[in-house]
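Trainee: here is my input; please provide its structure:
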Amino acid sequence: MSSSQTHALLQPKVSDASRVSFLTLFSLILACGISYAAYQLFNDLAGVRIASSLAPLLLGVALLIALAFEFVNGFHDTANAVATVIYTNSLKPHAAVVWSGIWNFAGVMLASGTVAFGIIALLPVELILQVGSAAGFAMVFALLFAAIIWNVGTWYFGLPASSSHTLIGSVIGVGLMNQLIEHGSKTSGVDWSQAVRIGYSLLLSPVIGFTCAALLLLAARALLRNPELYRAPQGQQPPPFWPRAVLILTCTGVSFAHGSNDGQKGMGLIMLILIGTVPTAYALNLAVPPQHVQTFVTDSQSVARTLEGYAGPLVRVDSVAEPREELARYLKSREFTQATLVGLHAMIGEVSQEVSRYGAYSRMPDEMRGNVRNDMYLVSESLRLMDRSGIPHFMPPDRKMLAHYRKDLDHATKYIPGWVKVAVAMALGLGTMIGWRRIVITVGEKIGKQHLTYAQGASAETVAMSTIAAADAFGLPVSTTHVLSSGVAGTMAANRAGLQWITVRNVLTAWLLTLPMSILLAGVLYWLFRQAL
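Mentor: Modelled structure (predicted):
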């Protein structure tokens, strides 16, 4: 496709009235979203005691930076979702971006939060427990700035880089630098078992995208003999009804899956910010009804009795002088001892006692909520690590009971308010509206030597949609950019259309450099912020 044709495709002729109507509607939706998020935030903070006069300033700055990360994320990943429908003339660019934004919003709003807190679990335990300290804020700022710098740089050169890859690298960089700074202490650095698990999903997703999209296209050629499916669009002529419907459907699926997966990355960081600056309002889920709290207390007592059977005569309150320190040691070293089980038993008893005293999280004194949240976090993460390692060997019924109890703990501590989801969705949508062209052009015309056909676009989008949805179900972050761009490359290879190796080389270079560069950036920034704060 020539540059003049590309310009005509990406700059469709629309009347002034249509442009004004579109901008007015978008501005109205954006204003409503911002107003709702601001109102809910101020409502949450009304009457809440704030310990430091600097907390509101830190909160505002940190939230703006976190939303800026999601804004830049919209440049990259959301733009990928609309590339195929634009380059097959299935939707006009403005319509495609708006349609994608609607389904991104739906995906963000229905996100479970599993991916968000899966990424948070990579961070050093001591920084999560003390996120309101200077080191905690240095961590958050370093993560966000490193991710933004790398994402903006790759976007400027039109390279489809992964926001997920960047954020994971930033988390590892902070963990490694924290370990160097705290040399000599028993610091955890990075949860490498979780990092490896997430790393596999990020490394395998491009291979899955390339292979599965190529196989799907070959299967379509064997089963669907309609020659129109395998032709490039003529001018700006839209595709036939069924190919067009499939392309729009797959764009919808990718947009929804992207919102439910990628949108969570910013949510987890925003929750860390909120817990660090105003723990009285956000350390615990105050919306949990008293009935659920009473059930939690009953479950705590059952779990404590179950653990007594495994810990034996060692279960005494004074058998572990500092149960919090014992659980923190276990999470850092991953070395289980019988004292760990005793400490876990003691911590569950303390948490149950504090919760039952007030009957509801909202009735707890402000100064207690942060401490109770940290205790719940230690118990939940210890149970998670025990379940993953299989030590101690719990009987199947007991293991099921502990998994249910962990969900009760996470319901109180790992939650995302509705206004946070709205704010993230708005930032993603706005980023897509402003920065979609560079990445769309790369995906649409710079990967293959020939124009994208209807079948190629549908194959790449179907694989991307399925892969992201599967990763979301398992609580793993995955890169929309990597899956979709590799899927397009796979269809070009299967179609024997040829690849533009300069673009492929640049994309691979960005893919290989993202992890080490984001680790380096985040580590240096964390050190600088630690010195400054």
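
Trainee: next up, phi/psi of G448, please.
Mentor: Per-residue torsions, G448: phi -100, psi 160 (degrees, to the nearest 10).

Trainee: let me see the contact set for C212.
Mentor: Contacts for C212 (C-beta atoms under 8 Å, 6 or more residues apart in numbering) come out as V463, S466, T467, G487, G490. Where C-beta positions appear, they are placed from N, C-alpha and C, glycine not excepted.

Trainee: do you know the pLDDT at the third one?
Mentor: Spelled out, it's T467. Per-residue pLDDT puts T467 at 86.

Trainee: which of the helices or strands spans it?
Mentor: T467 belongs to helix 454-473 when assigned by DSSP states H and E.

Trainee: could I get that helix in CSV with only the CA atoms?
Mentor: Output of helix 454-473 as CSV, limited to C-alpha atoms (Å, rounded to 0.1, in the frame of the first residue of the first chain):
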residue,chain,number,x,y,z
TYR,A,454,-9.8,-10.5,5.7
ALA,A,455,-8.8,-14.1,6.7
GLN,A,456,-5.4,-13.0,8.0
GLY,A,457,-7.0,-10.3,10.2
ALA,A,458,-9.6,-12.6,11.6
SER,A,459,-7.1,-15.4,12.3
ALA,A,460,-4.7,-13.0,14.1
GLU,A,461,-7.4,-11.4,16.2
THR,A,462,-9.1,-14.7,17.1
VAL,A,463,-5.8,-16.1,18.4
ALA,A,464,-5.0,-12.9,20.3
MET,A,465,-8.5,-12.8,21.9
SER,A,466,-8.3,-16.5,23.0
THR,A,467,-4.8,-16.2,24.3
ILE,A,468,-5.4,-13.1,26.4
ALA,A,469,-8.7,-14.5,27.8
ALA,A,470,-7.0,-17.7,28.8
ALA,A,471,-4.1,-15.8,30.5
ASP,A,472,-6.7,-13.7,32.3
ALA,A,473,-8.4,-16.8,33.6
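
Trainee: whichever helix or strand comes after it vs helix 454-473, what angle?
Mentor: Tracing the chain past helix 454-473, the next element assigned as helix or strand by DSSP H and E is helix 480-494. Per axes from the mean of the first three to the mean of the last three C-alpha atoms, to 10 degrees, the angle that helix 480-494 makes with helix 454-473 is 140 degrees.

Trainee: buried stuff in helix 480-494?
Mentor: Going by neighbour count (16 or more other C-beta atoms under 10 Å), the buried part of helix 480-494 is 480-494.

Trainee: from these, pick the one nearest Y87.
Mentor: V488 (9.6 Å; C-beta to C-beta).

Trainee: what about P227, how many residues nearby?
Mentor: 7 (other C-beta atoms under 10 Å).

Trainee: count residues in the vicinity of L25, would you?
Mentor: Counted with other C-beta under 10 Å, L25 comes out at 11.

Trainee: all further residue positions should be reported with the first residue as 27.
Mentor: Sure, I'll start numbering at 27, so the last one becomes L51.

Trainee: quick check, pLDDT for it.
Mentor: 73.

Trainee: now do D344
Mentor: Value for D344, per-residue pLDDT: 52.

Trainee: what stretches of the stretch 77-226 of the chain score poorly on pLDDT?
Mentor: Within the stretch 77-226 of the chain, the ranges that satisfy pLDDT under 70 run 77-79, 102-105, 184-186, 209-217, 220.

Trainee: care to break this protein down by domain?
Mentor: 80-305+444-558, 312-439 (automatic domain parsing).

Trainee: what would the ones you listed look like in a markdown table with distance to S61?
Mentor: Output for those, formatted as a markdown table (distance: least, C-beta to C-beta, whole Å):
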| stretch | distance to S61 |
| --- | --- |
| domain 80-305+444-558 | 10 |
| domain 312-439 | 21 |
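
Trainee: which one of those lies closest to Q66?
Mentor: The nearest among the domains of the chain, by C-beta to C-beta, is domain 80-305+444-558 at 3.6 Å.

Trainee: show me where the stretch 277-426 of the chain has strands.
Mentor: Using DSSP state E, counting those that start in this stretch, no strands are found in the stretch 277-426 of the chain.

Trainee: deepest in the core, which of the domains of the chain is it.
Mentor: Most buried of these, by mean neighbour count (mean count of other C-beta atoms under 10 Å): domain 80-305+444-558, with a mean of 22.
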